[in-house]
Structures are given as structure tokens and as C-alpha cells.
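[1] For reference, the sequence and a predicted model appear below.
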Amino acid sequence: MNIVVLGAGRVGFNVAKALSFSENDVSVVDISKPALTQVAERLDVKPVFGHASDISVLKEAGIEKADIVVAATAFDEINMTVCQIADFMFHVPTKIARIGKKSYFAGYNLFENERFPIDFVVSPALEVTKMVHRIVSVPGTIDVISCIDNKLRVIGVICKKCSPITDIQLKYIQTVDPKSILAILTIKRADQWILPNKNDSVRHGDEIYFACSAVNVSEAMALFGYSIDNASTVVFIGGNELCEEAIKNITSNDISIKIIENDLTRAEKLSDTLNNVEILHGDPLDSETFATSGIRDAEVVIAVTNDDKINILSSLFAKKLGAKRVATILNDSSYADILYSLGINSILDSRMATVSRILQYIHEKSVENILSFDEARIEILAFNVSEGSYAVGSLTDDIIIKNEVYISAIVREEQVFILPKRFLLKAGDQVLFVAHKSAIDKILKIFREKPKYLL
């Protein structure tokens with residue numbers, strides 16, 4: 001495919017990076033020469049200097065032959081304008097825009113009912129709201145992601161000391177999991193993510209991502225020492241719109257919610273609009289405020305203010321006071337590695353969430369991008385087996401590549417098969433993989449459509 005990416009910031013760069021790995025012809029447009037220099041040095045794409053909405057620049061980038069335009073600049077209005085130009089002048093089939101301002105979605109949603117010629121709009125704020133909701137949806141988890149038509153869950157946990165699964169090699173895991181309800185996807189130990197093999201074991205304190213059927217979440221969590229039936233307390237540091245929206249989407253009656261908000265007017269407004277939520281007015285960096293907030297007993301503390309420094313410091317303070325899990329929103333991801341090393345469990349990065357959502361839309365007919373561990377170059381993704389795919393008739397054992405590609409689950413109609421062995425793939429199957437990024441192209445080739453003359 002021919003793809004034009006507008007904006008070489010973190011979103012544009014990572015979208016271009018992912019798409020360039022899959023044998024696409026990608027151009028990246030930006031008005032920043034340093035950003036384009038980085039693009040030219042690190043990616044196999046065509047860098048184009050100039051303003052994103054300049055028609056001559058767009059032509060130089062190849063918009064006349066483009067299959068997809070991704071408008072990912074930092075300016076909503078430019079992104080909207082570029083999509084209009086791409087549609088009206090060049091008839092580009094697929095237009096994708098990143099839109100940050102919530103005002104464009106309020107009242108009359110400008111992007112509904114084809115009011116704008118944009119095929120897919122991604123909102124960073126909405127993606128972070130979804131991430132916050134995932135964190136609190138299952139007590140004890142670092143993250144919870146519904147995937148493959150909501151039939152599977154990919155869940156992140158910290159393994160407890162006396163959990164049934166501790167110190168058991170994965171090849172013997174059926175001794176505690178006789179029904180094979182879960183598949184271990186990745187393990188983080190000593191700040192290193194690994195793709196585990198059958199001789200690896202789960203240890204106390206490991207950060208683990210696993211897959212299980214949506215109906216087996218309670219049983220799977222119990223294997224790591226958690227009961228999701230227990231009531232839990234969630235403390236939000238900062239009562240901004242993102243916090244308010246996330247709370248409105250929490251439906252469980254077993255979750256007690258508290259908000260620490262420094263602005264008195266905002267705190268009073270939250271008291272009026274949110275039912276059954278305890279609002280605490282105070283400085284999120286004040287020790288007395290923290291002492292009275294019950295953070296020591298909280299299941300999870302989520303720092304969601306608009307200030308990275310406040311989020312970082314309050315998260316570290318919460319961790320020191322004994323909070324079981326701490327999640328932090330960051331606008332500047334350069335802090336992420338430091339925070340992970342200091343014990344912060346979840347970093348909520350709106351930019352990378354936006355990248356993932358854009359890629360998921362582009363590949364939605366065949367690939368679902370579920371989770372990315374960039375520092376370890378590990379991907380969790382799902383493929384749909386189409387009628388004309390090379391994968392039809394293949395055995396799962398023939399697709400697995402030791403230490404590179406593992407098949408964790410297959411969904412066939414309403415049935416979920418965990419860690420299937422010698423499983424013959426059929427059209428319509430949905431396959432969950434965990435793989436090194438270097439092996440993604442190999443998987444794409446297996447699942448791509450055969451040429452018509454071979455069908």
C-alpha cells in the first residue's frame with residue numbers, strides 16, 4: 001500500500017515505523033527538519049519537508065497514489081483540513097485523523113454521519129479513558145484488554161508469593177490448571193521482558209501477561225493469588241475531565257472510589273455530578289492529604305492530573321505509603337523507564353495508545369494489535385484467517401517459531417482453545433499470537449491472501 005503520514009512526532013513516527021515493516025511505501029511529512037532527520041536515519045520511509053496542508057508538499061509525498069492518509073500532526077485543524085484535501089482533490093480511499101480537543105466531540109459530534117470526510121477519528125483522551133477503565137475493571141490487575149470480539153482477555157498481574165502457580169515450570173502448569181484456562185504470554189523479571197518457554201517458571205513478584213477466555217477470568221486470577229470478588233478501593237489523584245469520564249464508565253458496585261482534587265471549585269462540581277464518590281479537597285503532594293485519603297488500603301492509585309511532575313511525585317509517594325498498584329498518566333514518555341524501575345505498575349501513554357488504535361484500524365480486516373512492549377520488541381496480536389489465506393489448512397505447530405512466535409489461543413465461532421496443539425486452521429478462525437517484532441513479517445506472509453489465480 002501507499003501511505004502518507006502527516007506529522008513526524010511520536011504518533012506519526014511510530015505509525016510510520018510499524019507500517020514500513022510490512023512492505024508498504026510510506027512517506028512522512030513534517031515542517032521540523034530535526035524530526036525528519038530522525039525519520040530518515042531510523043526508518044525506511046520517504047521524508048518530505050513542508051507544511052502538512054500544502055498541496056505541493058502533499059503531491060511530493062505521493063498523495064495522488066495514496067491508499068491511506070494518516071493525519072497525525074499536533075494540530076486538529078490541520079488534520080481535519082488535510083483529510084478534506086485528500087478526499088476532495090485526490091480521492092484517497094482511507095483518511096485517518098488524530099483529534100485531541102474534546103469540544104469537537106461534544107454536542108453535535110462533527111465526525112458522525114459523514115459530516116467530515118474522515119473514515120476514522122482517534123482521540124488520545126478517549127484512548128486514555130479506556131486504559132483507566134481497563135485498570136479498574138478487574139481488581140488486582142495491571143491491565144485488562146478485551147479482544148477477539150470480547151471472547152478473550154489479555155490480563156497483566158503481579159504474581160503473589162503464595163499463589164498456586166508460583167515456581168511451577170510452564171510444561172507442568174496443568175498440575176494447577178488442569179482445564180488449561182490460561183496461556184502465559186510474557187514475563188517481566190529484573191526489568192527484562194521475555195517470551196517464556198516450557199522450561200521457564202513463574203516466580204513471586206514477576207509481572208505477567210496472560211490470555212484466558214472471558215468466562216474464566218475469576219479462575220485465572222485465582223491462580224496468581226487474586227480474588228476478583230473482593231471489594232476494592234480506587235483513588236484518583238486529580239479530578240479532571242478524564243477522571244470524571246472514567247468514573248462514569250465504572251459500573252461495578254464492588255469498587256469504592258475516592259478523588260483527591262486541589263481546586264476547590266472543581267472539587268465542589270465533582271461532588272455535585274458524581275454519585276457515591278468521595279471527593280477530598282487537598283494538595284496531591286501534601287502528606288496530610290495522603291494520610292487521610294486511605295491510600296495505604298487502596299487497590300490501585302491512578303494519577304491523572306495534567307502535570308507530569310505532579311503525577312510522578314504523587315505516584316511515588318503513594319507507592320511509598322503502601323499502595324498495592326500505582327498507575328500514572330504521562331505526556332512525556334521519556335520518564336517511563338525510570339518510573340517502571342521505581343515500581344510504578346502502569347504508565348498510561350496517550351500517544352502510544354493512539355498509535356495502537358490507528359494501526360488496529362488499518363489492519364482491522366486481518367490483524368488486531370492488542371499490546372506492544374516496545375522496549376522488548378514484543379507484540380501481542382490476533383489474526384483473522386480469511387477464506388483465501390495461506391494459513392487455511394496449516395497446523396499450529398508448523399507456524400510456531402521457537403523463541404520468536406507462539407500461538408496462545410484460537411477462537412472458532414463461540415469456542416476458545418487455549419494453547420492448541422496440532423490444531424488445523426480453518427477460514428474464520430481468530431488466532432492470538434505473542435511474537436518478537438522481528439518475526440511479524442513472517443506471520444503476515446502466512447496469513448495474507450493468496451493471489452486470485454491460486455484460489
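    Received the coordinates, thanks. Numbers count the residues shown, from 1 in each chain.
[2] Please name the nearest non-neighbouring residue to residue 147.
    For residue 147, ignoring the flanking residues on the chain, the nearest one in space by CB to CB, 6 or more residues apart in numbering is residue 370 at 5.1 Å. To be clear about C-beta, it is placed using only N, CA and C from the backbone, and glycine gets the same treatment.
[3] Which neighbouring residues are in contact with the one you found, exactly?
    145, 147, 154, 380-382, 432 (CB atoms under 8 Å, 6 or more residues apart in numbering).
[4] looking at this, it is in a helix?
    No. If the criterion is DSSP: H, G, I helix; E, B strand; the rest coil, then residue 370 is strand and not within a helix.
[5] Relative to residue 247, how far out is it?
    Per CB to CB, to the nearest Å, residue 370 is found 25 Å from residue 247.
[6] How about residue 323?
    18 Å.
[7] do the same with residue 211
    For residue 211 relative to residue 247 (CB to CB), the value is 28 Å.
[8] circling back to that earlier point, what pLDDT does the model give the residue nearest to residue 147?
    Residue 370 carries a pLDDT value of 77.
[9] Poorly predicted segments of the stretch 201-350 of the chain, please.
    Scanning the stretch 201-350 of the chain for pLDDT under 70 picks out the ranges 228-231, 251-253, 333-337, 340-341, 343, 345.
[10] ok, which stretches of the stretch 251-400 of the chain are helices?
    Using DSSP state H, counting those that start in this stretch, the helices found in the stretch 251-400 of the chain span residues 264-273, 287-293, 308-321, 336-341, 350-362, 396-399.
[11] Among these, which comes closest to residue 61?
    helix 350-362 (17.4 Å; CB to CB).
[12] roughly how far is that closest one from the heart of the chain?
    How far helix 350-362 lies from its chain's middle: 8 Å, per CA atoms, centre = their mean, to the nearest Å.
[13] so where's the stretch 51-200 of the chain shaky on pLDDT?
    107-109, 113.
[14] which stretches of it form strands?
    All strands of the stretch 51-200 of the chain, identified by DSSP state E, counting those that start in this stretch, fall at 68-71, 94-98, 120-122, 141-147, 152-158, 182-189, 192-194.
[15] follow-up on the earlier one: just put the helices of the stretch 251-400 of the chain in a markdown table and tack on distance to residue 237 and mean neighbour count.
    Formatted as a markdown table, the helices of the stretch 251-400 of the chain follow (distance: least, CB to CB, whole Å; neighbours: other CB atoms under 10 Å):
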| stretch | distance to residue 237 | mean neighbour count |
| --- | --- | --- |
| helix 264-273 | 13 | 14 |
| helix 287-293 | 9 | 15 |
| helix 308-321 | 5 | 20 |
| helix 336-341 | 14 | 14 |
| helix 350-362 | 17 | 22 |
| helix 396-399 | 45 | 16 |
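[16] Make JSON lines out of these and add distance to residue 197.
    Below are those laid out as JSON lines (distance: least, CB to CB, whole Å):
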{"stretch": "helix 264-273", "distance to residue 197": "49"}
{"stretch": "helix 287-293", "distance to residue 197": "43"}
{"stretch": "helix 308-321", "distance to residue 197": "32"}
{"stretch": "helix 336-341", "distance to residue 197": "24"}
{"stretch": "helix 350-362", "distance to residue 197": "27"}
{"stretch": "helix 396-399", "distance to residue 197": "15"}
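[17] closest one to residue 388 among those helices?
    Of all the helices of the stretch 251-400 of the chain, helix 396-399 sits nearest to residue 388, with 17.3 Å by CB to CB.
[18] Does anything pack onto that closest one? Which helices or strands?
    Helices and strands touching helix 396-399, by 3 or more CB pairs under 8 Å, 6 or more residues apart in numbering; DSSP states H and E, are strand 405-412.
[19] name the helices or strands packed onto the strand it packs on?
    strand 182-189, strand 207-213, helix 396-399, strand 415-418, strand 430-436.
[20] can I get those in CSV with distance to residue 17?
    Shown next, in CSV, are the helices and strands packed on strand 405-412 (distance: least, CB to CB, whole Å):
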stretch, distance to residue 17
strand 182-189, 21
strand 207-213, 22
helix 396-399, 25
strand 415-418, 32
strand 430-436, 15
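[21] Of these, which is nearest residue 163?
    That would be strand 207-213 among those, by CB to CB, at 10.3 Å.
[22] Quick one: end-to-end distance for stretch 135-150.
    16 Å (CA to CA, to the nearest Å).
[23] That one: which residues count as buried?
    Across stretch 135-150, burial judged by 16 or more other CB atoms under 10 Å covers 135-145, 147-148.
[24] and of these, the nearest to residue 277?
    Of all the buried residues of stretch 135-150, residue 277 sits closest to residue 136, with 12.6 Å by CB to CB.
[25] I'd say the closest one and residue 255 touch.
    Yes. Taking contacts as CB atoms under 8 Å, residue 136 lies within contact range of residue 255: 6.2 Å.
[26] what residues are shared contacts of those two?
    residue 234.
[27] Break this structure into its domains for me.
    For the chain, automatic domain parsing gives the domain ranges 2-122, 141-223, 232-352, 356-454.
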